[in-house]
Structures are given as C-alpha cells and as structure tokens.
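A.B. asks: following is a predicted model, sequence given first.
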There are 2 protein chains.
Amino acid sequence: MGVVERKQRHKEELKKDILAAARELFTERGWESTSIRNIAEKIEYSPATIYLYYKDKNEIIFDLHREGFKLLIDYFGVLKGVADPFERLKAMGRAYIRFALENQDTYKLMFVMEEPLRHVESCVAQDWNEGDRAFDILLNTVAECQQKGYFKNLHTANISFVIWSTMHGLCTLRTSGHLGHVGLVRNSGMDIDLLLTNAYEEFVKMMEQLKA
Amino acid sequence: MGVVERKQRHKEELKKDILAAARELFTERGWESTSIRNIAEKIEYSPATIYLYYKDKNEIIFDLHREGFKLLIDYFGVLKGVADPFERLKAMGRAYIRFALENQDTYKLMFVMEEPLRHVESCVAQDWNEGDRAFDILLNTVAECQQKGYFKNLHTANISFVIWSTMHGLCTLRTSGHLGHVGLVRNSGMDIDLLLTNAYEEFVKMMEQLKA
DNA sequence: CAAACGTACTGAACACTGTTCAGTAAATCA
DNA sequence: TGATTTACTGAACAGTGTTCAGTACGTTTG
C-alpha cells in the first residue's frame, strides 16, 4: 500500500515548504524580523504545525546554516580552474568576500550567530562536514602555497586560522557597518566597498612578501 | 533656590542608576537576556520610568558602548611604557585580545552589534571620539613601525584596517564559538585559548617578516 | 490659605515574540 | 461500524519593547 509512502512524501514536502518560506522571509527581511508566525502565515498553516516538523527556531536556522555552507562551496567552484596555489588563495579571498557581501544575512547565520552552533552541539557526530570542507579547502591551499615557498617557517593550521580571521574580520566589520563608522572613513566619504577591496589587496601584498 | 538644582541632581543620579543596573545585568547575563523590565525591577521603578531617561533600549546600549571604548583605551594604557613601535604593536594586539576575552559582551556591543551604531547615526556630529581615538592609536603605531622599516610600500590606513580585521576576526571567531567548531579543533581537543594565542603569535611572525 | 500648575512616576494596555498542549476532525485499520 | 492513529489548530503562557492616560505630590501663584 502506497498510502503511508504518500503521506511520508507529503510530510517531507511540507518540511521543505517551511524551509523555503523561512529562507525567503529570512533573505528579504533578515532573521531578526522573521518570526515563526510569519513563516506559518506564508505556508498557510498554524504556527503550532511548524513545531511538528522543527523542534524549535534554532533547528530551522541550522538547516539554512547548512545550505549556506553548500552555497559558499559553490562560490569556491571557480577555484578549480586556478592551478597556481597562491593565485588560488587570492581568488579564494575574493570569492569569500563576494559571498559575504552578496549573502550578508546568510553569512551572519554561518559565522556570527551562536544559535545554530548550539544545535550542532546537540546532535553530536551528525554529518556536519560542510563547514569543515570549506576550511579544508583553505588548509590545503595554504599547504600547497608553502610547497611553493610561501609562508615558510609558519605553521599551516595557524596561518590558515589567521587568514580566515582576517577575511572574517574584513567582512563582518564591513557588513555590520563598523568599518564605515571609523572617523577616517566617515570624514573622507570614501566608498566603503572600495575600501574593503583596497584593504584586501593590501593583505594580498602582505602575503606576497612572505615568500622565501 | 537650590530646589531645581537638587531635582536636577536627583534626575542625573537616577539616570546613572539605570545605567549601573543595565551594566550589571548586562555583564552577568548578556544583553539578549537583559530586558527593560529587569532593569526597572533592579532599580525598583516602573518600566515606563526608564523611558523618561532613555529614548529606547538602543540609547542605553549606546551609553554602555561608550564606556566600553573608554575601557579599551584603559587596556591600551600599558602601551605607554613601550618605546619600540613594533613591540608596542605586538603588545597592543595582546591587550586587544585580553580586552575581548575579559569583556566578551561589551566587545560584542562595541564591534558586532548594529543597534548602537544606529544611534550614533541619529546624533550626528556628537562627541563620538572614543571609537576614533582607539583606531588612531593603531594608526599612529603602524606609521611609526613604517618609519622603522616595517610595512614598507604598504598603505598605512589599509594595513591598519587589515591588522584590526585580523584581531577582530580572531576575537569574534573565538568568542562566538565558531573557532571551536572547526573539525580540526573539535577533534584534536586542543585548548581553544591556546589556539587563539598561537594563531596570534603566528600573525606576529608574519608581520615580523614584513621588515625591509 | 487655597487653587492652579508642573513634574515624576506608574498601571495597564498594545502588538508582538517563541513555545506548549488539550482538543478536533479526518483518514486508516480491525 | 467502531476503535485508533495521524495531522493539525486555537488558545493560552510567559515573555518582550514601548506608549499613554492618569495620579500623586511638591511648588508657585492669586
């Protein structure tokens, strides 16, 4: 009897609908102003129904969180065509910035908010490889750069953390608006995204000078 | 007649009491779980009273925000004894990390949350020099380092932004818990603060190699 | 001295939030 | 047909930031 299967299919579809509604509201209004009631209204169900498919709001965030990492890896897709590891590292930084600027709320979800992480903790040993994969790409690229003479005498993992931190810092200071509130920037009336690009290129120059 | 003055004094005291209560609740439970009603209860006044002294919750955040910058500059106090600019830059980084770890919620208020910034925007040309002063200290130190042969051919402001971003990235990835969720760290069981220190020292090494 | 005024404060409400749970209606099974 | 399971919901709970009419009281004026 395909009845139970049909029901199962319907349940899965509804779960997808919830996530789709959440994603849509979330990307156009940010997470802060997306409530369970908003999502429920969009899919034309009662708010209580959502709790039959998701334990709580954080579980919904977490699903979007995972989607975000997949998207980031998509952004890293362009790197496959770049043979030289240092050029790849440079392109990776640019892709990271592009991702952060084009998906500001998703970025916040992935790397700033603490709620989705708490959910990762609760489901130990679950398939949470998306996040690691993104970091592994960086780790491998840095290691390849070292074989080409870059970052000699520097610890691979540590230097990768530093690079990630720099990128993360640049992106969050930009998107949160803090970069634009520094007097130097505020008074000069300089374009904030140009400043971000300039700062990144300066960082690339820094790394370039770290070649043996 | 000193009556009106006495009243004025009392009003100012109450405003300080509100801020003190907010600061206390805030530092021990974080901003998320500090409500206007909590603050009101602590000072034994009605919630509505708070709105006679502060326009809204963001204005209270902003006052704590300012205090935070003063505290950060206090942390930078140790730098006055360091003559060599590069040593001073190194010490500055350590002080920044110490500040961020010892005042995690205040740090979030100052450099992560967007609400206090919105209040800065509303009161244009107000005395908002605390934030700039902290950045100027960095800017000047970097400039001095350049005179000693460091960061040659690099743009002072850009390199300062990069350094700030790196520090900010390290601190926020640490305090938000994201650093601890990278597979490499999670599996190795490495102490997270040791990792942060190591990463910072690696960053110092990077900068050391940027001497002409 | 009494009436008018101004200030400081509050209770109660509004419109939200995430979340729970008893109850209902319909589909399925025995 | 009757019992059971499934899917769903209305209403409530406890909380949030914020507003506003109303009160109580000290000060000023006639």
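C.D. replies: Cool, the structure landed. These numbers come from a predicted model, not from an experiment.
A.B. asks: ends of stretch A:28-46, how far apart?
C.D. replies: 22 Å (CA to CA, to the nearest Å).
A.B. asks: can you show me the CA trace of stretch A:185-202 as CSV?
C.D. replies: As requested, the backbone C-alpha atoms of stretch A:185-202 are provided in CSV (Å, rounded to 0.1, in the frame of the first residue of the first chain):
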residue,chain,number,x,y,z
VAL,A,185,36.2,56.7,6.6
ARG,A,186,33.3,58.8,7.7
ASN,A,187,35.0,62.0,7.0
SER,A,188,36.7,61.1,3.8
GLY,A,189,33.4,60.0,2.3
MET,A,190,35.3,57.1,0.7
ASP,A,191,33.3,54.3,-0.9
ILE,A,192,33.2,51.6,1.7
ASP,A,193,33.3,48.7,-0.7
LEU,A,194,36.3,50.2,-2.4
LEU,A,195,38.0,50.5,1.0
LEU,A,196,37.3,46.8,1.6
THR,A,197,38.8,45.9,-1.7
ASN,A,198,41.8,48.1,-1.1
ALA,A,199,42.3,46.6,2.3
TYR,A,200,42.1,43.1,0.9
GLU,A,201,44.6,43.9,-1.9
GLU,A,202,46.9,45.2,0.8
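A.B. asks: so is it next to chain B?
C.D. replies: Yes. Residues of stretch A:185-202 contacting chain B under CB under 8 Å from any CB of the partner chain: A:195, A:198-199, A:201-202. All C-beta spots, glycine's among them, are computed from the backbone N, C-alpha and C.
A.B. asks: could you give the mean pLDDT of that stretch?
C.D. replies: Averaging the model's pLDDT scores along stretch A:185-202 yields 92.
A.B. asks: likewise for stretch A:42-56?
C.D. replies: When pLDDT is averaged along stretch A:42-56, the result is 97.
A.B. asks: likewise for stretch A:12-20?
C.D. replies: In the prediction, stretch A:12-20 has an average pLDDT of 96.
A.B. asks: next, the buried residues of it.
C.D. replies: Of the residues in stretch A:12-20, those buried under the neighbour-count criterion (16 or more other CB atoms under 10 Å in any protein chain shown) are A:14, A:17-19.
A.B. asks: and what about the nearest residue to residue A:155 once chain neighbours are set aside, helix, strand or coil?
C.D. replies: For residue A:155, the nearest residue in space outside its immediate sequence neighbours is residue B:202; the separation is 5.9 Å by CB to CB, 6 or more residues apart in numbering or on different chains. Taking DSSP: H, G, I helix; E, B strand; the rest coil as the rule, one finds residue B:202 in the helix state.
A.B. asks: do you know how far residue B:202 is from residue B:209?
C.D. replies: If you measure residue B:202 against residue B:209 using CB to CB, to the nearest Å, the figure is 11 Å.
A.B. asks: before we move on, what about residue A:59?
C.D. replies: In this view, residue A:59 and residue B:209 are 46 Å apart by CB to CB.
A.B. asks: repeat that for residue A:87.
C.D. replies: The span separating residue A:87 from residue B:209 equals 21 Å under the rule CB to CB.
A.B. asks: of those two, who's got more company?
C.D. replies: Under the criterion of other CB atoms under 10 Å in any protein chain shown, the comparison of residue A:87 against residue B:209 puts residue B:209 first, with 17 against 12.
A.B. asks: list the contacts for the more buried one?
C.D. replies: When the contact criterion is CB atoms under 8 Å, 6 or more residues apart in numbering or on different chains, the partners of residue B:209 are A:209-210.
A.B. asks: what residues does chain A have near DNA strand D?
C.D. replies: Taking CB under 7 Å from any atom of the strand as the measure of proximity, chain A contacts DNA strand D at A:7, A:10-11, A:14, A:45-49, A:52.
A.B. asks: among these, which lie within helices?
C.D. replies: Among the residues of chain A next to DNA strand D, the ones falling in helices (DSSP state H) are A:7, A:10-11, A:14, A:47-49.
A.B. asks: outline the domain layout of chain A.
C.D. replies: Listed domain ranges for chain A are A:1-54, A:57-208 (source: automatic domain parsing).
A.B. asks: which residue sits closest to residue A:205, ignoring its sequence neighbours?
C.D. replies: Distances taken as CB to CB, 6+ apart place residue B:154 nearest to residue A:205, at 6.3 Å, with adjacent residues excluded.
A.B. asks: check residue A:196 too.
C.D. replies: Counting by CB to CB, 6+ apart, residue A:196 lies nearest to residue A:174, which is 5.0 Å off, once chain neighbours are set aside.
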